[in-house]
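K.L.:
Got a sequence here, can you build the structure:
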Amino acid sequence: ASDLVIKSRSEIEEENLERCEFLHESLAFQAAYKDKQTEEQQKRTKEILAELRSLKESKIERAARINVKQFEIYEPLIKDMRKDRQGALHGSLIITLRRLTMLYMAMFVQRQQVFQMQVFMQLNFIALTYSVVLRPFEKAELNLLSIFNESIGLLASYFILTIQDYAYDPEQHYEIGYYIVYIF
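P.N.:
Below you'll find the model as predicted:
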């Protein structure tokens, strides 16, 4: 959501800068050749300048209106997130990419359980690192809950990795599974 707002503002600022440069050049031209301009040319120059000013104001109004609409649409995605860190605002994107990766792994990489587990563990580790380093939430309790959640997920993935080992007999698999359930 923040990229859309920043992008639209930067585009508008760039357009305004180009228009201001044009305005500056036209004013310089007008000052240099004021004596040589006829009344009709001076009137046309003033009309162009008025058009540019109104166009600039309408673009700024439109940009402000779009930004408010976009913010209202995407505000739930950044609720309780720290707005002073741009990395924290990308949390929902990171979560979505993580879930899509896990969905892809579950659907299309079915025969390679070890690879699936490695990807799962790496994604958990990245999410844990993201939560610890960026502290994306405004409230300390939410940050601690996120860190705890990712730690438990990473710990569970290590236990699940031991179940993937084919050297254990089925009874040992059940025992390890019971340990996972008891711990978590």
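
K.L.:
Flag every buried residue along stretch 117-131.
P.N.:
Met117, Val119, Phe120, Met121, Leu123, Asn124, Ala127, Leu128, Tyr130, Ser131 (16 or more other C-beta atoms under 10 Å). (Each C-beta comes from the backbone N, C-alpha and C, glycine too.)

K.L.:
Same check on stretch 15-24?
P.N.:
By neighbour count on 16+ other C-beta under 10 Å, the buried set for stretch 15-24 is Asn16, Leu23.

K.L.:
Just the residues contacting that stretch, thanks.
P.N.:
By C-beta atoms under 8 Å, 6 or more residues apart in numbering, the surrounding residues in contact with stretch 15-24 are Leu49, Leu52, Leu55, Lys56, Lys59, Ile60.

K.L.:
For the spatially most central residue of the chain, what are phi and psi?
P.N.:
Closest residue to the average C-alpha location of the chain: His90 at 3.5 Å, with C-alpha atoms, centre = their mean. Dihedral pair for His90: phi -90, psi 10, per degrees, to the nearest 10.

K.L.:
any idea how far it is from Glu40?
P.N.:
His90 sits 56 Å away from Glu40, going by C-beta to C-beta, to the nearest Å.

K.L.:
Quick check: chain neighbours aside, which residue is closest to Arg135?
P.N.:
Asn143 (4.7 Å; C-beta to C-beta, 6 or more residues apart in numbering).

K.L.:
Count the neighbours of that neighbour for me.
P.N.:
Counted with other C-beta atoms under 10 Å, residues neighbouring Asn143 total 17.

K.L.:
same thing with Arg53?
P.N.:
When counting by other C-beta under 10 Å, one arrives at 12 neighbours for Arg53.

K.L.:
Does it lie in a helix or a strand, and which?
P.N.:
helix 39-74 (DSSP states H and E).

K.L.:
could you point out which element follows that helix?
P.N.:
Heading C-terminal from helix 39-74, the first helix or strand you meet, by DSSP H and E, is helix 86-89.

K.L.:
State the mean pLDDT of that following helix.
P.N.:
For helix 86-89, mean pLDDT is 78.

K.L.:
From the contact counts, what lies against that helix?
P.N.:
For helix 86-89, the elements it packs on are helix 113-134, judged by 3 or more C-beta pairs under 8 Å, 6 or more residues apart in numbering; DSSP states H and E.
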